[in-house]
Structures are given as structure tokens and as C-alpha cells.
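In: quick one, structure for this:
(one chain, ligands or ions: 1)
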Amino acid sequence: MSFVDQNLQNFYLHRVQAQLKTSPRVLEVGVGVRSIFSDLPQNFQEILSLDFNHELLEQAAAYPNKNSPHQFVCADFLGLSSTPFDLVFDAHCFHCLVKEDQPVSYLKKAHELLYPEGILAFECMIRKEFKSPVIDIEDLLWHSGEPIRYIPVSQTIEQMVQATGFELIFFRVNLSFLFTPIKSRPELCFPLLQVVAKKKA
Ligand SMILES: C[S@@+](CC[C@H](N)C(=O)[O-])C[C@H]1O[C@@H](n2cnc3c(N)ncnc32)[C@H](O)[C@@H]1O
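Out: Residues are numbered from 1 along each chain as shown. Coordinates of the predicted model:
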């Protein structure tokens, strides 16, 4: 499923873009079937869109991309090595990190891959209540016997991002739009958190 919609584009255009230098080098993590950068009217030095799911990545690469150079790379973000980026951008990959320590590893990897004062921006689900009937003490939502989503309270993410060496620039929970992670269970829905953070120099 693609979640490149107006809400996400507005997040980029109104909260992220102003933080970037002209012609930034961008890494998009967990692109899925559509890159948000395919349709954006902006100059980029380079866009590297990453996903470890080859089939999804092929669909994203086949879309008529307006920006170039735009590369699509099949790789695990947590093991990525690269020259630095000005922006690491992620729509809904962070809440897919369901193995122990993966959220912390993700933030450390983003920090490693950014220039000093580079920007990490992501959108992910959070839950409102500390005790939830559907999420376990490891902050995991389960479905069909498997942990499928990492959905902590926003305070957990706030502390993790700051502890990794980022300064928070924008941190907002959108309570007016609820996201349903399991389509067959529409009663389970969660607010989205948008984060923009700068790597400390
Ligand atoms: C929920 S989807 C979101 C896709 C897209 N960004 C969107 O908003 O529609 C999360 C994507 O992240 C990818 N992903 C999850 N963990 C990853 C990792 N460690 N490295 C690269 N891609 C990953 C998945 O394959 C999936 O395509």
C-alpha cells in the first residue's frame, strides 16, 4: 500500500523542505511502491530511495520520476554504508521495526549517515495511552501470531531521538487523522507522529 498522500506531501513541503540546503542529497528509507520525491518540484543533488523488498522497489522505480538523479536501491537500511546525506526521510518504515533494538539501531544509523546538521524526518504511528489492551510491554502490535508494528507512546520516541544526538525541530502528533495498520481490523487505529530532527554539529 502506498501512503504518499497530501498529508505526507504537506509534511515535507511545510516542515522539512525549509530545513534543507539548496540541492540536497536525500536518502528515502522504506520507499515501498511510491517515492514521495517522484512528484516533488525541487532540485536535488541526488535521491536514493531504499527498500529491502525488491518487488515493492521495482514498482517505485517504474513510476515516472520527475527528479533526477533518482536511484532505487534494494538494501537493508540498518546495514547501509554510504557517503553522507543532507536528509534521511521516512514515511512509515520506523513503525515496521519490530525486532529488539531495531528502533535504536535505526536512529543511530540515520545519525551516522547524515552530515552534521543534517535532517532526519519521519512519520510513524504512536499510541495515546501508556497501557494498551492491544499492544504489549515491548510496544509491539501483534497479528496472526507475529509482531507487525512498533507503536510506542510519543514520549518514548522523543527520548530516543534526543538520546541519539538529534535536536528536535518539529514534533507533532496528528490526532485528527487515524491510521489503520490492519485493514481487516478497522477498529484498531492510531494517530500519526511527525518528527523533524537535526543532527547536532
Ligand atoms: C509500511 S511500508 C511504507 C512504504 C512507503 N514509505 C509508504 O509510505 O507507503 C514500510 C516499508 O519499509 C520497508 N522496510 C522495512 N524495514 C526496512 C529496512 N530495514 N530497510 C529497508 N526497507 C525496510 C518495507 O519493505 C516497506 O516497503
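In: please count neighbours and contacts with C-alpha atoms only from this point.
Out: OK.
In: how about the secondary structure of Q17?
Out: Look at Q17: counting by DSSP: H, G, I helix; E, B strand; the rest coil, its state is helix.
In: count of neighbours near it?
Out: Residues contacting Q17 under the criterion other CA atoms under 10 Å number 16.
In: contacting residues around C96?
Out: C96 makes contact with I148, R149, Y150, according to CA atoms under 8 Å, 6 or more residues apart in numbering.
In: neighbour-wise, which of those residues leads?
Out: Per-residue neighbour counts (other CA under 10 Å) across these peak at Y150, which has 25 neighbours.
In: pretty sure that residue contacts L97?
Out: Yes. Counting by CA atoms under 8 Å, Y150 does reach L97; the two are 6.1 Å apart.
In: re the thing from before, out of the contacts of C96, who's nearest the ligand?
Out: R149 (9.1 Å; CA to the nearest ligand atom).
In: contacts for the helix or strand harbouring that closest one, please.
Out: Using DSSP states H and E, R149 sits within strand 146-150. Residues outside strand 146-150 that contact it (CA under 8 Å, 6+ apart): F94, H95, C96, L97, V98, D139, L140, L141, W142, P181.
In: and the next helix or strand past that strand?
Out: From strand 146-150 onward toward the C-terminus, using DSSP H and E, the following helix or strand is helix 154-163.
In: for H95, helix, strand, or coil?
Out: Applying three-state DSSP: H95 is helix.
In: which pLDDT value goes with it?
Out: The per-residue pLDDT reported for H95 equals 98.
In: and K183, by the same measure?
Out: 91.
In: show me the shaky parts of this protein.
Out: Where the chain drops to pLDDT under 70, the residues are 1-4.
In: and stretch 60-80, anywhere near the ligand?
Out: Yes. Between stretch 60-80 and the ligand, judged by CA under 6 Å from any ligand atom, the touching residues are A75, D76, F77, L78.
In: to clarify, my last question referred to stretch 132-144.
Out: No. Legend: contact between stretch 132-144 and the ligand by CA under 6 Å from any ligand atom is lacking; minimum distance shown is 13.7 Å.
In: I am finished for the moment; much appreciated.
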